[in-house]
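Chemist: Structure for this input, please:
(2 chains, ligands or ions: 2)
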Amino acid sequence: MEDAADAIIESWSIQFWPTVGLILFAVIYFRGWLKLRKQVPHRFDGWRLASFLGGVGIVFLALNSPLDTFSNLLLQAHMIQHLLLMMIAPPLLLLANPFLPLLTGLPRPIVREVIRPFLVWNACKRFGRWLTRPKVTWILFVVMTLGWHAPPLYELTLRSPTWHIVEHACFLGSGTLFWWPVIQPWPSRPQWPEWAIIPYLLLADVQNTVLSAFLTFSDRVLYPTYGLVPQFPGMNPLSDQHAAGAIMWVPGSIFYLIPAGILAMRFLSPRRRISGRRSPAGDPTLFSRAHGMNAGPNPIRGARVAARVKPSSVALDLLALGFFGRLIRSLAFRRVVQGILFGLAILIVCDGLFGPQIGPMNLAGTLPWTHWRGLSVLALLAFGNFFCFACPFTFARDLGRRILPAKRQWPRWLRTKWVSVGLLAIYLWSYEAFSLWNSPWLTAWIIIGYFVAAIVVDGFFRGASFCKYVCPIGQFHFVQSLVSPFEVKTRDLDVCRSCKSFDCIRGNEQQRGCELRLFQPKKESNLDCTFCLDCARACPHDNVGIIAVTPGHTLAQDHFRSSIGRFAERTDLAALVLVLVFGAFVNAASMTLPVENALSFSRLTLDLISRPAILLLFFSVALGVLPLVTIGGCALASRRFGSITGTARAISCRFAMTLAPLGAAMWLAHFGFHLFTALLTPIPVVQRLFLDLHIAAAGSPWWSLRTPAIPQLLDFQCLALDLGLLVSLYFAFKTSVNLAANKQKAVAAFLPWGILISLLYVSGIWIVFQPMEMRGMLH
Amino acid sequence: MTNDKLKIPHGGSCCASRFVVFEGQFLTARPSPFVICHLSFVILLISLCLPGNAFGDGGSVQVHSVSGPFEITLFAEPPLPRAGQIDFSALIQDAKSSQPVMDAAVTLALTPVKVHQNAQPAWYPPSCAVSAPADLAAVPLLHSGASNRLLYGAMVEIPAAGVWHVRAEIQRGDEHVSVEGNVDIADPFPPIASYWPLFLFPAVAIGLYVLREQIQRA
Ligand code: SF4
Ligand code: SF4
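Modeler: Numbers count the residues shown, from 1 in each chain, chains lettered A, B, ... in the order given. Ligands and ions are numbered 1, 2, ... in the order given. Below is the predicted model:
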């Protein structure tokens, strides 16, 4: 039946997380392989890569193909799936010499901070040696094979998806261990002589034969579930079981016998007999020659090749990426992107003022609140502050400078973040109090107000005073970009040390220098950096790049930073970070049903008629009293128990910065939720706009269009919060270590902050699990 | 990784090649550390990334009956159905030949028979709560709704635990049959319990960090 056959072939069930894991696994290997290929080419030639990708592909096939779909209906499909996981994928993965590429492919800080301490730990080494003893690998493999095929356990996996996952993990893990002594991936060394692997394989085949014979010759159905499911034409549960036994027996045996045969032939060959007289485990040269799968020049010769390769010390630099680098560096490109966003802003303002006053039907109700916020926070955490790079208000600022004098210095007493702290707090309150997301008219006026403020501030004052001291959006981006993986920074500090011109800050005839007064050699982190790249264009030595860094790497240090100073002395900066961190949680909580109900209840009991009034109270407590009390309390406790010298204010300022990663995670979880649940809303809105402009080409608005639900969205939100928690805890601990006299005191100093961060995390998890008000969408 | 970070030292001694210099530290090239790292990669990266549904659809058989020209099997996934999202699917076969019937129209109707007293209401992730609950009186089961394309399937949201009556109507040309039965729907898992690996992850990471500190101190 042709359509039934087609249906079987089409029966793929792509499982999201396993697929993401496999892709990540392949990418890490590929990255490491690319680097190692240059150093030890004979160890990492093309077929190793092909072998690894083949192994990953086989695991993908086993978990997602029709084999998996039919595994609960047909025992033979299930058996093939298991063979792929135990007998085919592990040897392919091991043939690729995966250890070094995986280690090299990971970001260096992860290897240094997370993996290396374990690799050099003796207990770990001993356990590893024990685990790869052929005796142990053989026993584990046999126990796994026999154990999981015992009817009670097998039935358990058929009833429970979780146990089925555990079973697959056991098969893949024990398969990898079993094949380890056979393949002996470089640079590991054998623990048994090569000849001993032959009985190792043959004995494994004996147990395989016994089990498969039992399945094949049994006259009763061993796994009752297969007796209950419907049968396909020409098949019954017993014939299915016999076929599964045969699959296990014949192809299964082949996988043991072929390598055993190869090893036997190699062992008996005259050349091997001569070398075999020498110590089998002592000489890696012989070992590598002896293992045909690892054949190639000896590692010592490989080392000479490696030594000739010129080292490169520069991390990934976006500006050095050929055409892409030149593109983002060019001023013309920046102007084009800004022009597009400026045009879009004008369109949003016009639609907000003259279009329908229903948020989800208006550009002003969808694009700025749902899409722009989500995309800019994603860009911040994936790359860097590319919103400021493309900021449409810069047009207005440049216009202001042309028509107004722009000569004054920004008043000294205003050269802090307090103005923007106040503006941010007002924005967070008014967003809820006046339901800004649902008021296109107010949104339009906010954008107009923004343009006017940019023109006035930069029209009268020199430099980028608006960006640095006023713009709340800019401050949001500055703080979140503390945990961006890229930073505008010098490529080589030695070049700066010999520099005389300092054009990056002073500018020259062709190009102005940094308006934010960030001097590259003294700049640390992305704080106050708009990614305008004026410094990169001005530097005569081409010494500025957008360089990959460890996210948040400067949060625990308090060096003097150009134009920022020291964290410990910047109460305004700490206040900014705290408003944004607590604001992230309050802003997200406000759209949950329980908080909404609690606010309504409080309105009734407190007899405060207006919603803005009760929200003012709520936000004053959440953004003012709560941070003040908790941060002050933690600082005092830290000082007391950790014996830290310094004022409570300075301690608060230092530790407040370490909360930024958790805040960024909460913003990501919140804005990402809106972005992905209302991704398609602009389509009918744009259609409506075209219709209003009497352009019929786009058709009538498709108001019933729904963005498909993404079941994994909550997983992503939790994962973001997990990472935010871990990064914040890590930097808080590092800060304690930097401030305290010894490790014990550091732990005591860290504890109050650890508790605060954990409480914020728990509240974040609570928020993302609550029913949400679906803003920016038609219901 | 650059050359100054990873070197395979050269020289005449075979001992030298037993070491790999990584980030300035010698690691023995004996299998142990490699195994730990490698295995943790294979097992952690793959198995920890596996909390998807292992079965696609299918799951446990809820109703099986031969009616008219058809043999009908109704499945529910997860195998122990709980209030919330349940993947219902049906395999329609020719009663005589057991060949799968691919061109029928299948509709499922679900009605509560006895909802548990104080039953926990089903919980959906907030993002999925957007999709309006389907009309449980006539849920169309389609090949496109099942990952096993021999089956007809749909994701159904059962609002509460209890006993539910299911009735599947099958129509092919003039042939029309129906099968029915009761399905026990258990209480939903508490939402947090469904996401335990995500909460375990930070705990494990913190545990490993503490261990790492201990190792370094030792
Ligand atoms: S970044 Fe360029 S201009 Fe600035 S100090 Fe360094 S070399 Fe000089
Ligand atoms: S000029 Fe200043 S603000 Fe612009 S990218 Fe360079 S450091 Fe950042």
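
Chemist: For B:His165, see how far away the closest residue to A:Leu222 other than its chain neighbours is.
Modeler: Closest residue to A:Leu222 apart from its sequence neighbours, by C-beta to C-beta, 6 or more residues apart in numbering or on different chains: A:Pro151 at 5.4 Å. C-betas here are computed from N, CA, C, even on glycine. Going from A:Pro151 to B:His165 by C-beta to C-beta, to the nearest Å gives 33 Å.

Chemist: list the contacts for the residue nearest to A:Leu222?
Modeler: A:Leu222, A:Tyr223, A:Pro224 (C-beta atoms under 8 Å, 6 or more residues apart in numbering or on different chains).

Chemist: Check A:Trp163 too.
Modeler: Shown in contact with A:Trp163 (C-beta under 8 Å, 6+ apart): A:Leu153, A:Leu156, A:Thr157.

Chemist: hang on, the earlier thing: for the residue nearest to A:Leu222, which phi and psi angles does the backbone take?
Modeler: phi -50, psi -50 (degrees, to the nearest 10).

Chemist: Show the residue spans covered by the strands in chain B.
Modeler: Assigned by DSSP state E, the strands in chain B fall at B:6-7, B:19-22, B:25-28, B:60-67, B:70-77, B:84-94, B:105-115, B:139-141, B:152-158, B:162-172, B:175-185.

Chemist: and if you look at chain A?
Modeler: Assigned by DSSP E, chain A shows strands spanning A:486-490, A:544-548.

Chemist: how far out from the middle of the chain is the first one?
Modeler: What that stands for is strand A:486-490. Offset of strand A:486-490 from its chain centre (C-alpha atoms, centre = their mean, to the nearest Å): 20 Å.

Chemist: Ok, stretch A:460-477 next?
Modeler: Remark: stretch A:460-477 is offset 30 Å from the chain centroid, using C-alpha atoms, centre = their mean.

Chemist: So for it, first residue to last residue, what's the gap.
Modeler: 24 Å (C-alpha to C-alpha, to the nearest Å).

Chemist: wait, which of the strands of chain B is closest to chain A?
Modeler: strand B:70-77 (4.5 Å; C-beta to the nearest C-beta).

Chemist: Give me the sheet partners of the closest one and which way each runs.
Modeler: strand B:60-67 (antiparallel), strand B:84-94 (antiparallel) (DSSP bridges).

Chemist: most neighbours per residue, which of those?
Modeler: strand B:84-94 (a mean of 23; mean count of other C-beta atoms under 10 Å in any protein chain shown).

Chemist: Give the rounded mean pLDDT of that strand.
Modeler: When pLDDT is averaged along strand B:84-94, the result is 89.

Chemist: quick check: angle from it to strand B:175-185?
Modeler: With axes from the mean of the first three to the mean of the last three C-alpha atoms, to 10 degrees applied, the angle from strand B:84-94 to strand B:175-185 works out at 150 degrees.

Chemist: one step back: list only those of the contacts of A:Trp163 flagged as buried.
Modeler: Buried positions within the contacts of A:Trp163, assessed by neighbour count (16 or more other C-beta atoms under 10 Å in any protein chain shown), are A:Leu156, A:Thr157.

Chemist: So which of the contacts of A:Trp163 sit within helices?
Modeler: Members of the contacts of A:Trp163 lying in helices (criterion: DSSP state H): A:Leu153, A:Leu156, A:Thr157.

Chemist: A:Ala89 versus the nearest residue to the first one once chain neighbours are set aside, what's the distance?
Modeler: Right, A:Leu153. Sequence neighbours aside, A:Gly147 is the residue nearest to A:Leu153 in space, at 6.1 Å (criterion: C-beta to C-beta, 6+ apart). For A:Gly147, the distance to A:Ala89 (C-beta to C-beta) stands at 20 Å.

Chemist: neighbours around A:Leu414, how many?
Modeler: Counted with other C-beta atoms under 10 Å in any protein chain shown, the neighbours of A:Leu414 add up to 12.
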